[in-house]
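Asker: From the sequence below, what's the structure:
(chains A and B)
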Amino acid sequence: MMRIFGVQLRKEITELWRTRKLIIVLVVLIAFGLMSPILAKITPDLIESMGEGQMEGIIITIPEPTKKDAIDQLVKNVSQFGLLLAVLMSFGTVVGERERGQAALVFAHPLPREVFVAAKFAAQAIMFAAGLALGVLGAYLYTAILFDAPPVGRYLALTGLIYVWLLSLIALSLLASTLGRSMGSAGGLAFVFIVALLLAGSFTNLAPGALLEWGRSIAIKAGSSARWGALAVTVAVTALAVSASCIILRRQEID
Amino acid sequence: MTAAIEIRNLTKRFGTVTALAGFDLSVPRGSIFGFLGPNGAGKTTTLRIMTGLARTTAGSVTIEGVEVGRGVRPPIGYLPDTPSFYSWMTAREFLTYIARLHDLSDPPIDATLERVGLANANKKRVGGFSRGMKQRLGLAQALLPQPRVLLLDEPVSALDPAGRKAMLDIMGDLRGEMTIFFSTHILNDAERICDEIGIIDQGRLVIQARRDDLLARFARPVFEIEVAPDDAPQLAALADRLETTGLIERASLDGVRLRVTARDLDRARREVLPLLADRSLVRFEMLGATLEDIFLNLTDPANSRPEVAS
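Answerer: Presented below is the predicted three-dimensional model:
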C-alpha cells in the first residue's frame, strides 16, 4: 500500500508541477508574504499622501507602524488568498479525473481508491507547505528589515497554525470533489462547506478559524488564551473529511 | 476448453431501469470473444462490472477464477471506449506510471509501444495525440501488465478505416496469447476476428455460440442478382414476379442489385435462373448468412425473441 502511495504521490506532484499549479501557489503565497510587511510599512504614508490638499485643517494622526501591523497584514492576506487558493486548487481534483474518464482508466489497475484520495491530499498538503513556508519566510525577512525581527519560535507557531487551518480547507474541498458529480456541483459544495466553516467561527471558538487569531496572538505576544479545542476540532475535521472522501470514492461507481 | 470468464445471473438495475436482466455467459480461455449489441443493450455496463468500476445488483463475474468485487483483482487489462489520459504525460511516462502501479521490475515498455505502433511517439505529450493514437496507447496500457484477459470496450468504433484495421490487426496478433473480450456494434469487425460471439439486447443475452456455428445455423438461402445498368429498371419487375410465384420470402432492390431470400432452395436454383435468361446478367451468387443478418434478425423488435442458446 505504501509503495503504491509513493507511486501515486509522485504522479500527483509531477502533475502539480507540469500543470503549473505548484508555481501559481508558490508565487501567490510568496507575493503576499512579501507584500504584508511592505503594506504595513507604507499604509500610513499612503493614507497621508491621499489626504494631502484635500482635507485642509484636518489633522490625521496615524501611529507609527510596527511589526505587529506586519503580522496582522500577513494573517489577513493568508486567510483571504490562502483560502481562495486552497479551494480552487482542490475542489476539482477527484471529480475532474472522474469526469474526464481518467479515473476509469487508472482504477482498472491495482490502485486502491483510498490511496488515490490520500495521495491527492498529501500532494496538496506538500504544495501548500512549500508555498506557505516560502511566503512566511519572505514575510519574516521583510518584517525584520522594515521593523525588527519577530521571535522565530512564535513566528513558527503562527505558521504551523495557519497551515493546520489550510489543511482543513483542502480536506473539505477534497470531500466536495469526491461528493460532486460534476465540476460545477463540486465547486458549489466546496463553497457551502467553506461558508459553513467561516460561519461556525462566528458562533464558537472551537471552529478552525480561531487558529488564525490564536496564531496571531502568539506571534505578537498578545497573551490571549490558547485554543487547543479549535486545534483538536480542525485536526478532526481534516481527518474526517479525508477519511470520508476515501470511503465515498470506494463506494462510488465510476463512469 | 475451460472458461476464462464466467458470468452468472448478471443483473444491474439503476433505480427502476433494468440495464442487465440476469444472464449467464461463459467465455472460453484463449478465445477472441465478440460481445455484440445495439447501443444501450448493456455492453458497457457489463464491461464496467467486469473491471470492478461498477457493482452488480445480483449475480457474479469470475475472471480466471477470481470473483470480481471481492477484494482480489483479477488478471485483466482494460481499454474503455474513449480512453482519457493525463495530457501532460508522454506515452512513455504513462506506461512507466502504470508499470509502477503493477510493481513490474522490468516492464516491456518499448516492446509494448512498438507493438501498438507508437514507438516513434513515445516522447510526445499525450495531449497532442490523435484519437487513433490514444486508442493505441489505451491498448498499450491494457497490455503492459501482460494480463490473462483483455477487456476492450468498443475498441474500434471511433476510428477511421485505417485505424480500425490497425487495431484489429493488433488484436488478431494477440490470438492465443490471452483471452480477448471485446464489445462492438460493428459486425464486420466481429465477423472478421472473433472465434466466439455473444449477442446482447435490452440487457439479455440473446445468443452465444462459436462464430462459424452461428453463421451455419442461421444460413439462409439468399441469392444476389446483379445486372447491367441498362437492365436495372427491369429488376423491380423481376422482384415482383418472383414474389408472386411464391418462390421467395423477401426481395430487396438496391440499384442494379437484387437480393432475394428463397423459400425452397432447390426449387429456387432450378427456377430463378431461367427467369434471367433475357437479362444482361453480371452476377448470380448464392450468399451465406452474415453476422449482420443474424444480428438484425435477433435484435429486431419485429421478430420474436429466441431463447438463449449456446
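Asker: which residues of chain B fall in helices?
Answerer: Using DSSP state H, the helices of chain B run over B:43-51, B:91-101, B:109-115, B:131-143, B:161-173, B:187-193, B:211-217, B:232-245, B:265-275, B:291-299.
Asker: Export those helices as a markdown table, with columns for mean pLDDT.
Answerer: What follows is the helices of chain B, written out as a markdown table (pLDDT from 0 to 100):
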| stretch | mean pLDDT |
| --- | --- |
| helix B:43-51 | 96 |
| helix B:91-101 | 97 |
| helix B:109-115 | 94 |
| helix B:131-143 | 94 |
| helix B:161-173 | 89 |
| helix B:187-193 | 84 |
| helix B:211-217 | 82 |
| helix B:232-245 | 82 |
| helix B:265-275 | 77 |
| helix B:291-299 | 76 |
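Asker: Serialize those helices to JSON lines and add fields for distance to A:Gly6 and mean neighbour count.
Answerer: Quick note: C-beta positions are derived from backbone N, CA and C, even for glycine. What follows is these, written out as JSON lines (distance: least, CB to CB, whole Å; neighbours: other CB atoms under 10 Å in any protein chain shown):
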{"stretch": "helix B:43-51", "distance to A:Gly6": "24", "mean neighbour count": "24"}
{"stretch": "helix B:91-101", "distance to A:Gly6": "9", "mean neighbour count": "21"}
{"stretch": "helix B:109-115", "distance to A:Gly6": "19", "mean neighbour count": "17"}
{"stretch": "helix B:131-143", "distance to A:Gly6": "20", "mean neighbour count": "23"}
{"stretch": "helix B:161-173", "distance to A:Gly6": "33", "mean neighbour count": "15"}
{"stretch": "helix B:187-193", "distance to A:Gly6": "40", "mean neighbour count": "19"}
{"stretch": "helix B:211-217", "distance to A:Gly6": "46", "mean neighbour count": "16"}
{"stretch": "helix B:232-245", "distance to A:Gly6": "71", "mean neighbour count": "14"}
{"stretch": "helix B:265-275", "distance to A:Gly6": "68", "mean neighbour count": "14"}
{"stretch": "helix B:291-299", "distance to A:Gly6": "48", "mean neighbour count": "19"}
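Asker: can you put these in CSV and add distance to A:Leu211?
Answerer: Compiled in CSV, the helices of chain B are given as follows (distance: least, CB to CB, whole Å):
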stretch, distance to A:Leu211
helix B:43-51, 43
helix B:91-101, 37
helix B:109-115, 47
helix B:131-143, 44
helix B:161-173, 56
helix B:187-193, 61
helix B:211-217, 68
helix B:232-245, 86
helix B:265-275, 87
helix B:291-299, 63
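Asker: ok, so what distance separates A:Val115 from A:Val106?
Answerer: 11 Å (CB to CB, to the nearest Å).
Asker: Over to B:Leu247?
Answerer: Counting by CB to CB, the gap from B:Leu247 to A:Val106 is 60 Å.
Asker: ok, back up a step: I'd like the helices of chain B laid out as JSON lines, including distance to chain A.
Answerer: What follows is these, written out as JSON lines (distance: least, CB to the nearest CB, whole Å):
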{"stretch": "helix B:43-51", "distance to chain A": "5"}
{"stretch": "helix B:91-101", "distance to chain A": "4"}
{"stretch": "helix B:109-115", "distance to chain A": "14"}
{"stretch": "helix B:131-143", "distance to chain A": "7"}
{"stretch": "helix B:161-173", "distance to chain A": "17"}
{"stretch": "helix B:187-193", "distance to chain A": "22"}
{"stretch": "helix B:211-217", "distance to chain A": "27"}
{"stretch": "helix B:232-245", "distance to chain A": "48"}
{"stretch": "helix B:265-275", "distance to chain A": "49"}
{"stretch": "helix B:291-299", "distance to chain A": "25"}
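Asker: Out of the ones you listed, the one nearest A:Glu48 is which?
Answerer: Nearest of the helices of chain B to A:Glu48, taken as CB to CB: helix B:91-101 at 56.4 Å.
Asker: Please identify the residues of the stretch 51-200 of chain A in proximity to chain B?
Answerer: A:100-102, A:104-111 (CB under 8 Å from any CB of the partner chain).
Asker: rerun at 10 Å
Answerer: Applying CB under 10 Å from any CB of the partner chain, we find that the stretch 51-200 of chain A lies next to chain B at A:97, A:99-112, A:115.
Asker: Show me which of those residues are buried.
Answerer: With neighbours counted by 16 or more other CB atoms under 10 Å in any protein chain shown, those contain buried members at A:97, A:99, A:101-109, A:111-112, A:115.
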